[in-house]
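Peer 1: take this sequence and fold it.
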Amino acid sequence: MVLSPRLNMALLLIAFTVLSTIFYIYRSSNDMPHDLSKHPSTLNNIISGQTRTSFVLNPIDAAACDTVDISWLASDRQFWDGWSTKAMFIRQDGNFTTNNILTVEGVSLCVVVLLGPSPASSVTRPENHLGPADSIVIEAIGNTTIIPFELQQHRRYNNAYFASVHFSQADTYHLKGRVEYRSYFWEQPIYHSYRPTTFKSVNMAMVKPLYKLNQPACDARIANHWQGTWMNKTTFQSVYPLDFYGMFGPIQEDHAEFDRLFVPDHCRMEYISYGQATRCLENKVIHAWADGNLRRNFKAFESANRWCNENKTAECVCNDDKEDPKHQLYPWAVNPMTPLMINKTWHGNTEIYFNQVDSIATKDWKKAIKSQTLHMLLLICCIM
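Peer 2: Residues are numbered from 1 along each chain as shown. Predicted structure coming up:
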């Protein structure tokens, strides 16, 4: 069969259009929002010109460190040899000391961590980095309280990190942390061995109690309302005997993790039941990209924390992969186009689309998300 030149040209144009569309979707998959399977029309509402390289990491507010000469600390060799990791509390006036620091509740102190030389350079292009060069986990640990906080990297001295830590509870604190990865290796842990090194502070912060003032109710839209302390449950009942959780001890079990309660620094956390939590998500469509940890959380949330609580086993706590081999109970866990419906309430109609991403320690999660996004977009285009 011989085709006419005009028909040949038409077929070539159609083929070129299809290939161009697939190529455009592939190139755009990194930058497109993931809330598309519910409303395909949102494909037309993409923000133009937004790429991964255009995001700017905003520095964390560290007011307590404004008067600290971190450049001097990083270059001085009398107290730091430049090779080992050193962590310290800085005095309120910004001066360095090896002595313990005495202060009261409600005060913020600057914390400085100095790392040794970077062992190697990252092969990742600098414009694609998602955070600081080094992965550091650090906490201020007291006898009954723990304060987790985030360090930020000094702009000039890359081995120097600092943070402003607020102390809302009386205790004697020391710093304890671990360096998990250096030189952006945390972005690709599949290619690098996990060999963390631990460190402690050279001094302590001794925080004395102070009269506690009335605080507003917590508002998740206010950044510092997320800051707080993990407090021992028994100590919490002693310090706050008239608090709701202190008055009704057993109800704490719903909120205690390893016998600790989260106590915000700048607000008052109110008790919220699972039913009230679902009202916050009423008529919402949520797309999540995560591993098995969030999948198990969704199972617990959907069952009002009954899943893996009434019959707790090691399998459901850490590995529920074989719980539903035929995918009849939780089809949403394996099919990103099938939503988890939250409708066991008067205020539901919530849809959660779960996209499985395997452990970042065994697979390249960037490639996995890119591949899944491309597959989803192709399915949506076929539906359209």
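
Peer 1: please make it C-alpha for all contacts and neighbour counts, starting now.
Peer 2: Will do.

Peer 1: and the residue most central in space within the chain, how close does it get to Val239?
Peer 2: In the chain, the C-alpha nearest the mean C-alpha coordinate belongs to Glu150, at 10.8 Å (C-alpha atoms, centre = their mean). For Glu150, the distance to Val239 (C-alpha to C-alpha, to the nearest Å) stands at 27 Å.

Peer 1: try Asp265
Peer 2: 14 Å.

Peer 1: neighbour count winner among those two?
Peer 2: Asp265 (20 against 13; other C-alpha atoms under 10 Å).

Peer 1: looking at it, the more buried one is touching His225, isn't it?
Peer 2: Yes. If you go by C-alpha atoms under 8 Å, Asp265 and His225 touch, sitting 7.0 Å apart.

Peer 1: so which residues of the stretch 1-150 of the chain form helices?
Peer 2: For the stretch 1-150 of the chain, the helices defined by DSSP state H, counting those that start in this stretch occupy 5-28, 70-75.

Peer 1: for the ones you listed, which has the smallest mean pLDDT value?
Peer 2: Mean pLDDT values for the helices of the stretch 1-150 of the chain show the minimum at helix 5-28, a mean of 54.

Peer 1: CA atoms only for the longest strand along the chain, dumped as PDB, please.
Peer 2: Looking across the chain with DSSP state E, the single longest strand is strand 171-181. Backbone C-alpha positions of strand 171-181 (Å, rounded to 0.1, in the frame of the first residue of the first chain) are rendered in PDB as follows:
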ATOM      1  CA  ASP A 171      16.900  21.300  83.800                       C
ATOM      2  CA  THR A 172      20.600  20.800  83.400                       C
ATOM      3  CA  TYR A 173      21.300  20.300  79.700                       C
ATOM      4  CA  HIS A 174      24.200  19.000  77.700                       C
ATOM      5  CA  LEU A 175      24.500  18.700  74.000                       C
ATOM      6  CA  LYS A 176      24.600  15.300  72.400                       C
ATOM      7  CA  GLY A 177      24.700  14.700  68.600                       C
ATOM      8  CA  ARG A 178      25.900  12.600  65.800                       C
ATOM      9  CA  VAL A 179      27.300  13.400  62.400                       C
ATOM     10  CA  GLU A 180      25.600  11.000  59.900                       C
ATOM     11  CA  TYR A 181      27.000  12.100  56.600                       C
END
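
Peer 1: so what strands line up beside it?
Peer 2: strand 135-141 (antiparallel), strand 197-200 (antiparallel), strand 205-208 (antiparallel) (DSSP bridges).

Peer 1: assign His166 to helix, strand or coil.
Peer 2: strand (DSSP: H, G, I helix; E, B strand; the rest coil).

Peer 1: any idea of the pLDDT on it?
Peer 2: For His166, pLDDT reads 94.

Peer 1: what's the neighbour count on it?
Peer 2: Number of residues near His166 (other C-alpha under 10 Å) recorded here: 20.

Peer 1: kindly report the same for Gln215.
Peer 2: 11.

Peer 1: repeat that for Ala170.
Peer 2: Based on other C-alpha under 10 Å, the number of other residues close to Ala170 is 20.

Peer 1: list the buried residues in the helix or strand containing Val263.
Peer 2: In this assignment (DSSP states H and E), Val263 forms part of strand 260-264. By neighbour count on 16 or more other C-alpha atoms under 10 Å, the buried set for strand 260-264 is 260-264.
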